[in-house]
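In: Here is my input; please provide its structure:
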Amino acid sequence: MSRSDPAPAFTCASCRGPIPGRPTIHVGVAFCCAGCVAGGPCICSYDLEDPDDDRAATGLRAGDQLHPHDVRSLAVLTDVLARAVVVDEHGVACVGRRVRVREEDGGVATHALVIPGDGDAFHAWLSIEAPMGAALVGARAGDRVQVQAPAGVRWLEVLEVR
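Out: Next up, the predicted model:
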């Protein structure tokens, strides 16, 4: 290939769109953006100066190299967003809200509900896929929820959702 030959054209392995710049390579396969690497939706933008293009805010550009953890995180987020129901109602437990509960033994704890994979007991971040997190989703202050945990069934009283 001489210096005057044009660069080889790439096609995204996911959305099949042409890739005008450097492709994002994951496991030896060319993709146009991190969204396509994660299985969609495509979030690429080749005109990152366009103020009306919401995708410009992601900071992801063609040619980015992704760590496998990033690909997994994007796949989880894509799945969560595909199944998400928008809750625009104060006082309802959902991802992003803090829930204060009273255990059967009288102990009180506050947990932040987070997306799957982000649970962290040290920070009191409770995944909505964990038994307690799943039981709390949709609850309001005053509700009693049943938790189907591996150690057995237990009940929690929801004191506050914020």
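
In: what sits up against the biggest strand by length in the chain?
Out: When the chain is parsed with DSSP state E, its longest strand is strand 152-161. Residues outside strand 152-161 that contact it (C-beta atoms under 8 Å, 6 or more residues apart in numbering): 91-93, 97-104, 108, 132, 135-136, 139-147. To be clear about C-beta, it is placed using only N, CA and C from the backbone, and glycine gets the same treatment.

In: and what of stretch 106-122?
Out: 72-73, 76-77, 80, 93-103, 123-130, 132-133, 136-137, 159.

In: which parts of it are buried?
Out: H111, A112, L113, V114, I115, D118, G119 (16 or more other C-beta atoms under 10 Å).

In: Would you mind putting the CA coordinates of that stretch into CSV?
Out: Coordinates of each C-alpha in stretch 106-122 appear next as CSV, following Å, rounded to 0.1, in the frame of the first residue of the first chain:
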residue,chain,number,x,y,z
GLY,A,106,-35.7,-3.2,65.2
GLY,A,107,-32.5,-2.2,63.4
VAL,A,108,-32.7,0.7,61.0
ALA,A,109,-30.6,1.0,57.8
THR,A,110,-30.5,3.2,54.7
HIS,A,111,-29.6,1.8,51.3
ALA,A,112,-29.2,3.4,47.9
LEU,A,113,-30.8,1.4,45.2
VAL,A,114,-28.4,0.9,42.2
ILE,A,115,-28.2,-0.8,38.9
PRO,A,116,-27.2,-4.5,38.7
GLY,A,117,-23.5,-4.9,39.2
ASP,A,118,-23.0,-1.7,41.2
GLY,A,119,-24.0,-3.1,44.6
ASP,A,120,-21.5,-2.4,47.4
ALA,A,121,-22.2,-3.3,51.0
PHE,A,122,-19.5,-0.9,52.3
